[in-house]
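Novice: fold the following.
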Amino acid sequence: MSTGTSDLLRRVWLDGRIWLANNVIAYVPSHTLRLFFYRKVMLAKIGPGSLIFMRAWFDCPGGLIIGNNSVINQQCRLDSRGSLTIGNNVSISAEVCILSAQHDIQDSHFAGITSAVKIEDYVFVGTRAMILPGVTLGEGSVVAAGAVVTKNVQPYTVVAGIPAVPIGTRNQDLHYQAHYPRLFQ
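Specialist: Prediction:
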């Protein structure tokens, strides 16, 4: 097989998996089937009790690690190009966008830059928040709905706004499991 054909087949396999994940599997109303595909085909490491609701969007296979009993609600974008690690008992609300890659706007070739995102245990991220590349959300932190997080958030800190700034603190005695399956989500 020629190098050109081999490169084309690799590209079809890569782009085909992403297309299937985002346009077919994301609409299957079964956690079991979606998680099987995300683990086996998209190469995500997803702990027991964790769920990814329907219509999640993936930017690439691999690079995604989710701990135990964490919930990713519907229509979230999970960009793991620079790696995305989500801890245990994390609750990510609907339509959250988590980015681990961007472009260098000063580079003459508009080069891509990747930077890992880490979300520690017991974090809550509100609806339509955006987490930018390189950010760590400390244990128990809270990101308010609609916030744009451009910098690390300290443990048990509540942030809000654009850009997100601290507005309070959270109780540090957390023992819940973020596990709330819905039959058709």
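Novice: who are the packing partners of the lowest-mean-pLDDT helix or strand in the chain?
Specialist: Counting by mean pLDDT, DSSP states H and E, the chain has its least confident helix or strand at helix 3-23, which shows a mean of 91. Helix 3-23 sits against helix 31-40, strand 57-58, with contacts defined as 3 or more C-beta pairs under 8 Å, 6 or more residues apart in numbering; DSSP states H and E. The C-beta positions use only the backbone N, C-alpha and C, and glycine is treated the same way.
Novice: could you look over these and pick the most buried one?
Specialist: Of all the helices and strands packed on helix 3-23, strand 57-58 has the most neighbours on average by mean count of other C-beta atoms under 10 Å, namely a mean of 20.
Novice: hang on, the earlier thing: any chance of the helices and strands packed on helix 3-23 in JSON lines, with mean pLDDT too?
Specialist: Shown next, in JSON lines, are the helices and strands packed on helix 3-23 (pLDDT from 0 to 100):
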{"stretch": "helix 31-40", "mean pLDDT": "96"}
{"stretch": "strand 57-58", "mean pLDDT": "96"}
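Novice: JSON lines please, covering those and showing distance to residue 125.
Specialist: Putting these into JSON lines (distance: least, C-beta to C-beta, whole Å) gives the following:
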{"stretch": "helix 31-40", "distance to residue 125": "19"}
{"stretch": "strand 57-58", "distance to residue 125": "15"}
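Novice: among these, which comes closest to residue 174?
Specialist: Closest to residue 174 of these, according to C-beta to C-beta: helix 31-40, at 24.2 Å.
Novice: who touches the closest one?
Specialist: 20-21, 25-26, 28, 44-46, 50-52, 54, 58, 64, 181, 185 (C-beta atoms under 8 Å, 6 or more residues apart in numbering).
Novice: which intervals of this structure have sub-threshold pLDDT?
Specialist: Along the chain, the parts satisfying pLDDT under 70 run over 1.
Novice: and the residue nearest the centre of it, what does it touch?
Specialist: The chain has residue 78 as the residue nearest its centroid, 3.3 Å off, counting by C-alpha atoms, centre = their mean. For residue 78, the contacting residues are 52, 56-59, 64, 72, 84, 98, by C-beta under 8 Å, 6+ apart.
Novice: mind giving me the PyMOL select for those, buried ones only?
Specialist: Entered in PyMOL, the line below selects the buried ones among the contacts of residue 78, by 16 or more other C-beta atoms under 10 Å:
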select buried, resi 52+56+58+59+64+72+84+98
